[in-house]
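sharing a model that was predicted from the sequence below.
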Amino acid sequence: MPVFFLTDLLLFALLALALGFGFYAAGQEHLRAPWRSVLRSRIGAVSLVVLSAYGCIGLLDSIHFHPKLPQQADGPRYSPEILSLLDLWLTPLRTQQEKTYSAPFATHLYAKEQIRLPDGRTVRDYPRLRFGGAHLEDPATQKAGDIARRSAFGLFQALGVWGGLVALLLGWQVRRRGYKQALSWLFGDPPRRAALLTLGLLLALGFVVAALAPYYHVFGTDKVGEDVLYQGLKSIRTGLVIGTLTTLIMLPLAVLLGILAGYFRGLADDLIQYLYTTLNSVPSVLLIAAAVLMLQVYMNNHAEAFTSLAERADLRLFFLCLILGITSWTGLCRLLRGETLKLREMDFVQAAQALGVGPLTLLGRHILPNVLHIVLISVVLDFSGLVLAEAVLSYINIGVDPSMNSWGNMINSARLELAREPIVWWSLSCAFLLMFLLVLFANLFADVVRDALDPRLRGARP
């Protein structure tokens with residue numbers, strides 16, 4: 001039985017808008033040329049492959065449903081638990097829960113406990129895990145070889161899949177260009193070659209982890225024994241929702257008010273400047289904290305309106321996107337106001353006014369298309385900042401719901417883990433690694449997009 005969360009609907013609506021813009025831009029040379037230059041950059045091609053992998057994981061985690069229970073005599077029944085396609089794919093990681101902490105690839109718990117031996121004696125030692133390495137009779141001698149064999153099998157699978165994809169691309173191009181030209185097209189172009197190598201590395205990493213995860217906890221387990229890798233992968237959707245939906249909420253305010261202030265000037269400009277100056281003068285953390293606390297009070301007073309904890313957590317996530325969008329539109333609005341003030345005095349705008357073109361038509365046909373590059377650049381640049389903002393807000397307990405997987409919640413829980421003896425380091429490391437890669441490649445992609453879309457920088461770099 002499908003379940004539709006508000007953030008799921010908005011995320012797929014945003015995906016539909018992006019695909020629609022892509023099809024529209026494909027038919028417009030002035031829009032197609034900049035994006036072609038993005039794909040011709042090795043950094044842009046590699047970043048796009050990595051970001052696409054994150055996006056696929058986030059989309060799989062955005063298709064929710066109630067799993068069907070075994071057939072009953074009175075008809076089909078569904079579990080009250082809400083899962084996603086990603087949960088279904090990661091079933092071994094989700095269901096294989098240990099007692100408490102265990103290190104990456106460990107076969108025993110991380111802390112000693114009292115163990116009763118078969119002969120009745122009690123000793124203090126590290127107990128065996130229920131799932132991690134449970135198939136090994138002697139972990140001390142068998143674990144290294146078992147990990148190596150399973151990793152090699154995963155690499156072999158990845159090589160087969162990658163080779164199949166390359167063969168499909170090569171066969172498609174052979175029909176169009178011939179064999180030699182197809183090889184040159186596939187491997188002679190540096191950006192395309194870099195994208196293929198990156199895809200191969202991602203497939204190798206994914207298949208190796210998939211081969212090991214059913215038998216070992218690759219990133220260990222947390223305090224309640226849940227797999228840390230599972231938490232990190234589930235947190236990808238939260239980061240993507242924060243980065244994309246906040247932009248969707250912020251854009252209409254920034255674009256509309258920025259263009260109106262720059263074009264009409266006078267009283268409209270004064271009112272809009274007063275609005276974003278006042279909003280900027282209030283610390284955004286205080287606004288976010290107040291909004292989240294008010295929402296929490298509302299949910300506590302109307303608990304009957306929510307059918308599950310997942311629905312409550314999703315509403316809080318959407319509300320966090322809403323308040324972040326309301327507090328983050330001012331910077332782009334200021335940029336668009338300044339650009340519109342400059343465009344307003346350009347000759348083509350003055351000529352349109354002299355010919356009697358109405359304000360709405362002039363804004364839509366002449367002003368908006370000429371500030372679109374600023375909008376796109378700001379959107380891509382702000383994405384990584386919003387992902388980091390979620391981690392910071394969750395760290396101080398005013399971010400997403402504690403029951404929702406997010407990198408901020410993982411980092412927040414790692415505060416006490418780092419104070420343990422011995423230190424539990426893997427939760428923080430997993431969250432840091434996944435967040436670092438997303439932010440890194442988002443920033444690299446933003447740099448390439450800026451160079452391609454900004455008319456002042458276009459063609460400045462080789």
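Yep, that arrived.

show me what the helix or strand where Thr277 lies is packed up against.
Counting by DSSP states H and E, the secondary-structure element that holds Thr277 is helix 266-281. Packing contacts for helix 266-281, counted by 3 or more CB pairs under 8 Å, 6 or more residues apart in numbering; DSSP states H and E, involve helix 228-264, helix 330-344. Using the backbone N, CA and C atoms, a C-beta is placed for each residue, glycine as well.

excluding sequence neighbours, find me the nearest residue to the residue nearest in space to the middle of the chain.
Nearest to the geometric centre of the chain sits Leu240, at 2.9 Å (CA atoms, centre = their mean). With CB to CB, 6 or more residues apart in numbering as the criterion, Leu240 has its nearest non-adjacent residue at 4.0 Å, and that residue is Gly58.

secondary structure element holding that neighbour?
Element membership for Gly58, per DSSP H and E: helix 42-60.

ok, back up a step: what's the residue nearest to Leu240 in contact with, if anything?
Neighbouring residues of Gly58 by CB atoms under 8 Å, 6 or more residues apart in numbering: Leu11, Ile236, Arg237, Gly239, Leu240, Val241.

follow-up on the earlier one: which one, of the helices and strands packed on helix 266-281, ends up nearest to Asp146?
Asp146 sits nearest to helix 228-264 of all the helices and strands packed on helix 266-281, at 18.1 Å, using CB to CB.

the closest one: which residues count as buried?
By neighbour count, and taking 16 or more other CB atoms under 10 Å as the criterion, the buried residues in helix 228-264 are 228-251, 253-255, 257-263.

among the helices and strands packed on helix 266-281, which comes closest to Leu444?
Shortest distance between Leu444 and those, using CB to CB, is found for helix 228-264: 15.2 Å.

quick one: mean pLDDT over the closest one.
Per-residue confidence for helix 228-264 averages out to 88 on the pLDDT scale.

same check on stretch 273-281?
86.

quick revisit: tell me the angle of the helix holding Gly58 relative to helix 228-264?
Following axes from the mean of the first three to the mean of the last three CA atoms, to 10 degrees, one obtains 110 degrees for the angle between helix 42-60 and helix 228-264.

in helix 42-60, which residues are buried?
Along helix 42-60, these residues count as buried under the neighbour rule (16+ other CB under 10 Å): 42-51, 53-54, 57-60.

now do stretch 351-370
In terms of neighbour count (16+ other CB under 10 Å), stretch 351-370 has its buried residues at Ala352, Leu362, Leu363, His366, Ile367, Leu368, Asn370.

any stretches of this protein with poor pLDDT?
Counting by pLDDT under 70, the chain has low-confidence residues at 71-75, 454-462.

where does the most far-flung residue of it relative to its centre land in three-state SS?
For the chain, the C-alpha lying farthest from the average C-alpha position belongs to Asp119; by CA atoms, centre = their mean, that distance is 52.7 Å. In the three-state summary, Asp119 is assigned as coil, counting by DSSP: H, G, I helix; E, B strand; the rest coil.

ok so, going back, next secondary structure after the helix holding Thr277?
Using DSSP H and E, the helix or strand that directly follows helix 266-281 along the chain is helix 284-301.

what is that next one packed up against?
Counting by 3+ CB pairs under 8 Å, 6+ apart, helix 284-301 packs on helix 309-327.

residues contacting the helix it packs on, please?
Outside helix 309-327, the residues that touch it by CB under 8 Å, 6+ apart are 5-7, 10, 64, 82, 238, 241-242, 245-250, 253, 279, 284, 287-288, 291-292, 295-296, 299, 306, 386, 389-390, 393, 399-401, 403-404.

for stretch 305-313, buried residues please.
Under the neighbour-count rule (16+ other CB under 10 Å), stretch 305-313 has Ala310, Glu311, Arg312, Ala313 buried.

cool, stretch 107-115 as well?
Thr107, His108, Leu109, Tyr110.

what's the answer for stretch 167-177, then?
Here stretch 167-177 shows Gln173, Val174 as buried, counting by 16+ other CB under 10 Å.

hmm, who's touching that stretch?
If you take CB under 8 Å, 6+ apart as the criterion, stretch 167-177 is touched by Gln181, Ala182, Leu183, Trp185, Leu186.

6 Å - rerun?
Ala182, Trp185, Leu186 (CB atoms under 6 Å, 6 or more residues apart in numbering).

so what's the second one closest to, chain neighbours aside?
Beyond its immediate neighbours in the sequence, the residue positioned closest to Trp185 (CB to CB, 6+ apart) is Gln173, lying 5.3 Å away.

and if you look at the first one?
Take Ala182 and drop its neighbours on the chain: the residue closest to it by CB to CB, 6+ apart is Gln173, 3.7 Å away.

check which helix or strand that neighbour maps to.
Per DSSP H and E, Gln173 falls inside helix 139-177.

for the helix or strand following that helix, buried residues please.
Downstream of helix 139-177, the next assigned helix or strand under DSSP H and E is helix 179-187. Judged by neighbour count (16+ other CB under 10 Å), helix 179-187 contains these buried residues: Ala182, Trp185, Leu186.

rewinding a little: make JSON lines from the helices and strands packed on helix 266-281 and add distance to Gly356 to it.
Output for the helices and strands packed on helix 266-281, formatted as JSON lines (distance: least, CB to CB, whole Å):
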{"stretch": "helix 228-264", "distance to Gly356": "16"}
{"stretch": "helix 330-344", "distance to Gly356": "17"}
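
thank you kindly, that will do.
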